[in-house]
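Visitor: Give me coordinates for this.
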Amino acid sequence: MHRFLRTIGFSELKTKKQLDELIKNIILHSDIEKIAIDSDGSEFVEMTKMFHESFGITVCGQYEEDNKFSMEYYYPVFIGREISTNEQIEIERHVGNESYAGICDEMRLGVTLIFYLQNVADYLNQKLSCDSHFQNVTTALSALALNGKIILPIGKNEEQIRNTEKNKRNHNYLMAAARDGDEEAIESLTLEDIDLYSMISKRVEKEDIFSIVESYFMPYGIESDQYSIMGTILEIKETQNKLTEENVLLMKVNSNDLIFDLCINEKDLVGVPEVGRRFKGNIWMQGKINFLE
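Guide: Residues are numbered from 1 along each chain as shown. Next up, the predicted model:
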């Protein structure tokens, strides 16, 4: 049973029999079906059944000689609306099956961003004329969360907000320069980190850590596409899974200046979400690459 099925409203799905019936229904009544040739030269079929305009379940596999569909794997999918990054994307195949990870150096985060690729069939068709590096593409990131908490925002005056924005722009400029090998930029970033560590060490003795750290984005656990995040809520929408009628919350979140859509089951969220408040939780990052026609 996929752990993140509960995120899109399948928390009551408990048995293998229930799962088999759901997968059978998706195969027979899929909303989207795409076909491509996989890395081994075999047919690859991607079927998606939507249980809301933004989320559903994707089943991947191939048709056998008797036209019977053979499933290789499935996963819950949440389609992001926000273009999150324009960085160059490299795509790598997972070892276990015909699924892929997208990788990019996102300078706003300071770490390599890895996400689970949603549109595999599109990628396989594009791969016939390209290599594994894709430039001039946009990527819509989306996150599924198993749990989360709502935290109040940090109070700031207008001057503090202006200084924060100025510091972010300067930091992004230094990160871009450091990535190109600028030694002065690397040294400036090192000194910046030392000053930041010193400031936090002094303030944390008397203040709560979440009144100092406004947002963060960091790897979580042993799987490379899962992260622990905290970010500001920009938009909120409450909706339902059309099949189970479970309440699902869709949010647009800004974490370390990376903006993406996030999905969570209402029963797994602690606190009252409002625009301006912060979301804190662990997420599974997915992404859809918008390939050029």
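Visitor: Val213 - that's part of a strand, no?
Guide: No: with DSSP: H, G, I helix; E, B strand; the rest coil as the criterion, Val213 is coil rather than part of a strand.
Visitor: what's near enough to touch it?
Guide: Taking Cβ atoms under 8 Å, 6 or more residues apart in numbering, we find Val213 in contact with Ile200, Met230. Using the backbone N, CA and C atoms, a C-beta is placed for each residue, glycine as well.
Visitor: ok, it to Ala143 distance?
Guide: According to Cβ to Cβ, to the nearest Å, Val213 and Ala143 sit 19 Å apart.
Visitor: Repeat that for Asn172.
Guide: Distance, Asn172 to Ala143, using Cβ to Cβ: 22 Å.
Visitor: more neighbours, the two?
Guide: Ala143 (29 against 14; other Cβ atoms under 10 Å).
Visitor: Keeping just the C-alphas, turn the strand or helix carrying Tyr123 into PDB.
Guide: Applying DSSP states H and E as the criterion places Tyr123 in helix 120-127. Coordinates of each C-alpha in helix 120-127 appear next as PDB, following Å, rounded to 0.1, in the frame of the first residue of the first chain:
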ATOM      1  CA  VAL A 120       7.200   9.800 -17.600                       C
ATOM      2  CA  ALA A 121       5.500   9.000 -21.000                       C
ATOM      3  CA  ASP A 122       6.100  12.600 -22.100                       C
ATOM      4  CA  TYR A 123       9.700  12.300 -21.100                       C
ATOM      5  CA  LEU A 124      10.200   9.000 -22.900                       C
ATOM      6  CA  ASN A 125       8.800  10.500 -26.100                       C
ATOM      7  CA  GLN A 126      11.000  13.600 -25.700                       C
ATOM      8  CA  LYS A 127      14.000  11.400 -25.100                       C
END
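Visitor: Distance from the chain centre to that helix, please.
Guide: Counting by Cα atoms, centre = their mean, to the nearest Å, helix 120-127 is centred 20 Å from the centre of its parent chain.
Visitor: cool, stretch 256-269 as well?
Guide: 9 Å.
Visitor: and what of stretch 6-25?
Guide: 22 Å.
Visitor: do stretch 1-11 as well
Guide: Mean C-alpha position of stretch 1-11 versus that of the full chain (Cα atoms, centre = their mean) differs by 16 Å.
Visitor: From start to finish, how long is that stretch in a straight line?
Guide: For stretch 1-11, the first-to-last residue distance is 11 Å (Cα to Cα, to the nearest Å).
Visitor: for stretch 112-123, same thing?
Guide: This stretch, stretch 112-123, spans 21 Å end to end (Cα to Cα).
Visitor: pretty sure Asn170 is in a strand, no?
Guide: No: judged by three-state DSSP, Asn170 forms no part of a strand; its state is helix.
Visitor: what's the neighbour count on it?
Guide: Per other Cβ under 10 Å, the neighbour tally for Asn170 reads 12.
Visitor: got it, and Ile103?
Guide: Using other Cβ under 10 Å, Ile103 has 20 other residues around it.
Visitor: thought it was touching Gln88?
Guide: No: the pair Ile103 and Gln88 does not pass the contact test of Cβ atoms under 8 Å, sitting 9.5 Å apart.
Visitor: Helix, strand, or coil at the closest residue to Ile103 other than its chain neighbours?
Guide: Closest residue in space to Ile103, ignoring its immediate chain neighbours: Glu90 at 4.7 Å, by Cβ to Cβ, 6 or more residues apart in numbering. With three-state DSSP as the basis, Glu90 sits in strand.
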